[in-house]
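In: Just to be clear, the model below is a prediction. Sequence and coordinates:
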Amino acid sequence: MQPRSKDFFAGGLILVGILVLYLFPETRSWQTDLAKAAILVGFLITLIRLHRAVRAFLYPPQQAKAHQGEIEMRLLIQSMGIIARADGKIDKQEIETIREIHARIFGINLDETEVNQILSDLGSPVDILSNLGRNKSQVSPLMKQKIIQACHLVTISDLDIDSRERAQITAIGMALGFSETEIKEITATAEI
C-alpha cells in the first residue's frame, strides 16, 4: 500500500469502529468487539506511521552522509590536482603529498599510479571550480578548511611556490565561500 492509502485505511477503520459503537449501541457483542478491534487496529497503524515519520525526521538515512563523503573526497582530490598542475608540471613530491593527505584525511592509501590516473582524468580548472561552487553547500565547514590546507601543502611540497598555484588556492577558497583574508588564515594553520 502507498503511504497515503495506509493513512486513509487507518482513518477508515477508526471511523467505522466509532460509528458502529455510537450509532448502533444495541448491536451484538461480537459486532461490538469487531468495532473495538477496528478502532485498535486503526490506532496501531496510525502510531506505526507516526513512529516511522518521526524516526525518519530525527535520524535521516545514512546514505546522504555517504554521498556527502564521496563529494568531499572527490572535491579534495580535484582541488589538490588543480594545484599540482597549476605550474605546468607535476612533481613526484606533489604526488607523494597528495597520497599522504588522502591517507591522513580518509584513511585510504592510494598508490602513485592511482594518483596519476586521477590527475590525468581531471577536467579544466574552470570546470572544477564551478563544481566546487555548486557543491559547497554539501561540504562541511571543516572539510572546506581541510581542502584549502591540503592545497597549500601541495603547493609547498615541491619547495617551489608558484604564483599560479597561489592564485589557484585563492580561486578554490573563494569558490568554497571564503574571503581572501580567511584563505590566508587557513593556509597559515596548515600542518605539514
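Out: Arrived safely. Numbering: from 1, shown residues only.

In: Just the buried positions in the worst-scoring helix or strand of the chain on mean pLDDT, please.
Out: Least confident helix or strand of the chain, by mean pLDDT, DSSP states H and E, is helix 62-86 with a mean of 73. By 16 or more other CB atoms under 10 Å, the buried positions in helix 62-86 come out as 71-72, 75-86. (C-beta placed from N, C-alpha, C; glycine too.)

In: how about TSV for these, with distance to residue 48 added?
Out: Formatted as TSV, these follow (distance: CB to CB, whole Å):
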residue	distance to residue 48
71	34
72	36
75	40
76	42
77	44
78	45
79	46
80	48
81	49
82	51
83	53
84	54
85	55
86	57
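
In: gap between the lengthiest helix in the chain and the chain center?
Out: Secondary structure of the chain per DSSP state H: the longest helix is helix 29-58. Put simply, helix 29-58 sits 35 Å off its chain's centre (CA atoms, centre = their mean, to the nearest Å).

In: Which secondary structure elements does that helix sit against?
Out: helix 3-23 (3 or more CB pairs under 8 Å, 6 or more residues apart in numbering; DSSP states H and E).

In: The helix it packs on relative to helix 29-58, how many degrees between them?
Out: In terms of direction (axes from the mean of the first three to the mean of the last three CA atoms, to 10 degrees), helix 3-23 departs from helix 29-58 by 150 degrees.
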